[in-house]
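Participant: Just the structure for this:
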Amino acid sequence: MQTIEIPFWAAFTTYFSYGVLFVFGHLRDFYRRFFPVDKGTKPGYAPFTFDWDDFYTRRLYWRIRDAWNRPISSRPAAVFTVVERTTKDQGKTLEYTGNAAECVNLASYNYLGFAENPPQVQEDVLDCVDTYGLSMCSAPCEVGQSQAVQKLEVAIAEFVGKEAAMVFGMGFATNQCGLPGFLSDPNCLIISDHLNHSSIVQGCRGCKATIKVFRHNDYAMLETVVRKSIVYGNPNRCRPYSKIIVIVEGVYSMEGEILNLPKVVELKKRYNFYLYVDEAHSIGALGPHGKGVCDHWGVSPDDVDVLMGTFTKSFGSAGGYIASSKEFIASLRSLSPAYLYGCSMSPIIAQQALSAIHWITKTEEGKERIRRLHENSTYFRQRLIKDGFQVLGDDTSPVVPVLLYHPAKIPAFSRECLSRGVAVVVVGYPASPLVESRVRFCISAAHTKQQLDFSLDVIKEVGDVCCNRYMLYEEKMPGWIKSLLNSQSKSAQAAVNGKAKPLNGHSKTNGHAKKKQ
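Facilitator: Numbering: from 1, shown residues only. This next block holds a predicted model:
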């Protein structure tokens, strides 16, 4: 498990910054009780947000929300067009300036560059529109699905090495509606990594099963939780659990870490639990053939009971899939709300993913994109480390997070990069722990060496402006200061990273409060 070593001075000043924001925010709220500046909630209506949510939205989020939800007026290619906005009321409303900027795109999940619609893929999609139209206007269990969708289910099952697959029209709904479809037994147990994505959390909450969590990538704790669950069984029913399923991710989207699949499979074979792997960020992006985390580690797909993934990232499309045995998928179709009540996947969305899979598996260009993505990801990460940034994750992961810490640096880093022609995604609480705010770069095979070098030069310049090159500053410290701060950081680390045990339920930080993408 990767441990985030937070410099003592960064932790202290971050907490101090939030303290100042909270104190002055509450003072302003107290003042506004006597001198209101707006009408507030209409009489007779309940407010949309309460207490902490209301305070956080007004006093923190609104002031910096121009760093998110930016309008894009082009394809999400390696370079795209960002529409500029301005505010006159501290973020309550945003107005268009009429200007737009061409920026290097380090924000989209366009891992293999298919969002740029290569000519061959675009021709396939346009032909699909002529044949099948845009929508089936019905749930899959009623009218049915188009042939394009059926072909995609066969293609993705073959691609990931499973007998059958079921596709969903929305990536988030794949977990949210898929998990309740086969975990409806109250005597089941779900064991989930505490940094799993919000879609997994919402899906688990929709199940009737018991939920336990283990610390992120802490396989010793996972083994302990599994062993105790087998020994003691279900305390609410005084009997053994009928099914234990462990849910993990192939690549964690906020950490950039790759799952140690061989270790999890070793535990699976030892204790005979079911294994569910979310490959939203790893399918297409990992492994020599782009087949995900199994391909990356050389593990047989037969060792993973259920493989889930999305078409939103590497395939430049939308929706997701769950792949497993024929019996499992047949049962899932009869129980999943997405298949029973949701609209069938659009044929053109299916064709986009289908054409992308064909390119990856059948053409040299597809193989070259996979190789280029791995090279770009490693090069980008190593340059950031060399420049003194505190970088998380593994080399071949296309997700490259860099820690910012301070709340003021979240909007500052985003705005400074945008003004220099680089578009990035910054992340703060509650999508990350309070003192672990970060910027997350997403690398694509479509990026050229020149674009990456330009972006890295900009990031280095902005890092100096915002004082984010923490590793460089630490190297230049006098020895006695470094020793003093290191001794102080040991006591602070327990409070920040948590020697506290995870709650018996999902964490409210990181992926468990994320929007998804």
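Participant: So, low pLDDT: which residues of this protein?
Facilitator: Low-confidence segments of the chain (pLDDT under 70): 1-3, 39-40, 473-517.
Participant: Determine the longest strand present in it.
Facilitator: Secondary structure of the chain read by DSSP state E shows that its longest strand is strand 95-105.
Participant: Counting neighbours, which bits of it end up buried?
Facilitator: Neighbour counts using 16 or more other C-beta atoms under 10 Å place 100, 103-105 of strand 95-105 among the buried residues. For every residue, glycine as well, the C-beta is placed using N, CA and C.
Participant: Give me the helices and strands touching that strand, please.
Facilitator: With contacts taken as 3 or more C-beta pairs under 8 Å, 6 or more residues apart in numbering; DSSP states H and E, strand 95-105 sits against strand 79-86, strand 422-423, helix 449-466.
Participant: Next, the angle strand 95-105 makes with the last one.
Facilitator: Looking back up the chat, that one is helix 449-466. Put simply, helix 449-466 runs at 120 degrees to strand 95-105, going by axes from the mean of the first three to the mean of the last three C-alpha atoms, to 10 degrees.
Participant: Tell me, how many residues neighbour residue 5?
Facilitator: 15 (other C-beta atoms under 10 Å).
Participant: what sits against residue 148?
Facilitator: Contact partners of residue 148, counting by C-beta atoms under 8 Å, 6 or more residues apart in numbering, are 128, 132, 347-348, 350-351, 354.
Participant: So which of the helices and strands packed on strand 95-105 is the most surrounded?
Facilitator: For the helices and strands packed on strand 95-105, ranked by mean neighbour count under the definition mean count of other C-beta atoms under 10 Å, the leader is strand 422-423 at a mean of 23.
Participant: Adjacent strands (with direction) for that strand?
Facilitator: Paired neighbours of strand 422-423 in the sheet (DSSP bridges): strand 95-105 (parallel).
Participant: Contacts for the partner strand next, please.
Facilitator: Judged by C-beta under 8 Å, 6+ apart, the contacts made with strand 95-105 from elsewhere in the structure are 71, 73, 76-88, 418, 421-423, 444, 447, 451, 454-455.
Participant: which one's the longest helix in the protein?
Facilitator: The helix spanning the most residues in the chain, taking DSSP state H as the definition, is helix 8-34.
Participant: What residues of it count as buried?
Facilitator: So, applying 16+ other C-beta under 10 Å, buried residues of helix 8-34: 8-12, 14-15, 17-18, 21.
Participant: so residue 307 is in which element?
Facilitator: Residue 307 belongs to strand 306-310 when assigned by DSSP states H and E.
Participant: what's the angle between the following helix or strand past that strand and strand 306-310?
Facilitator: Once the chain leaves strand 306-310, the next helix or strand it forms, by DSSP H and E, is strand 320-324. Angle, strand 320-324 to strand 306-310, by the same axes, to 10 degrees: 160 degrees.
Participant: From here on, call the first residue 43.
Facilitator: Okay, residue one is now 43; in that scheme the one you just asked about reads as strand 362-366.
Participant: Given the strand holding residue 349, what are its sheet partners and their directions?
Facilitator: Paired neighbours of strand 348-352 in the sheet (DSSP bridges): strand 316-320 (parallel), strand 362-366 (antiparallel).
Participant: list the buried ones in the last one?
Facilitator: Which is strand 362-366. Residues 362-366 are the ones in strand 362-366 that count as buried (16+ other C-beta under 10 Å).
Participant: and that strand, C-alpha only, in PDB?
Facilitator: As requested, the backbone C-alpha atoms of strand 362-366 are provided in PDB (Å, rounded to 0.1, in the frame of the first residue of the first chain):
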ATOM      1  CA  GLY A 362     -20.300   0.000 -19.400                       C
ATOM      2  CA  TYR A 363     -20.300  -3.800 -19.100                       C
ATOM      3  CA  ILE A 364     -20.300  -6.700 -16.700                       C
ATOM      4  CA  ALA A 365     -18.700  -9.900 -17.900                       C
ATOM      5  CA  SER A 366     -18.800 -13.300 -16.300                       C
END
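Participant: can you list the residues that contact it?
Facilitator: Contacts for strand 362-366 (C-beta under 8 Å, 6+ apart): 195, 198-199, 202, 204-210, 212-213, 215-217, 220, 322, 347-354, 371, 374.
Participant: quick one: contacts for residue 251?
Facilitator: Shown in contact with residue 251 (C-beta under 8 Å, 6+ apart): 225-232.
Participant: mind listing the helices in the stretch 293-442 of the chain by residue range?
Facilitator: For the stretch 293-442 of the chain, the helices defined by DSSP state H, counting those that start in this stretch occupy 303-313, 335-339, 368-377, 379-383, 389-404, 406-428.
Participant: can you put the ones you listed in a markdown table and add distance to residue 157?
Facilitator: Below are these laid out as a markdown table (distance: least, C-beta to C-beta, whole Å):
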| stretch | distance to residue 157 |
| --- | --- |
| helix 303-313 | 27 |
| helix 335-339 | 22 |
| helix 368-377 | 28 |
| helix 379-383 | 24 |
| helix 389-404 | 9 |
| helix 406-428 | 12 |
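Participant: Nearest to residue 108, out of these?
Facilitator: Between residue 108 and these, the tightest spacing by C-beta to C-beta is seen for helix 406-428, at 24.9 Å.
Participant: so what does the closest one touch, helix or strand wise?
Facilitator: Using 3+ C-beta pairs under 8 Å, 6+ apart as the contact criterion, the secondary-structure elements in contact with helix 406-428 are helix 389-404, strand 441-447, helix 491-508.
Participant: Check the offset of the longest one from the chain's centre.
Facilitator: Taking the mean of its C-alpha atoms, helix 491-508 sits 23 Å from the chain's own mean (C-alpha atoms, centre = their mean, to the nearest Å).
Participant: between it and strand 121-128, how many degrees?
Facilitator: Using the same axes, to 10 degrees: helix 491-508 against strand 121-128 is 30 degrees.
Participant: next one: the first one
Facilitator: Using the same axes, to 10 degrees, the inter-axis angle of helix 389-404 relative to strand 121-128 is 140 degrees.
Participant: what sits up against helix 389-404?
Facilitator: Counting contacts by C-beta under 8 Å, 6+ apart, the residues outside helix 389-404 that touch it are 154, 156, 160, 162-163, 166-167, 170-171, 173-178, 188, 190-191, 193-194, 197-198, 201, 209, 211, 326, 331-332, 353, 356-361, 407-409, 411-412.
Participant: Among those, which lie within strands?
Facilitator: Using DSSP E, those in strands are residue 209.
Participant: Make a PyMOL selection of the buried ones in the contacts of helix 389-404.
Facilitator: Buried members of these, defined by 16+ other C-beta under 10 Å, are picked up in PyMOL with:
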select buried, resi 154+156+160+163+166+167+170+174+178+188+190+191+194+197+198+201+209+211+326+332+353+356+357+358+359+360+361+408+409+411+412
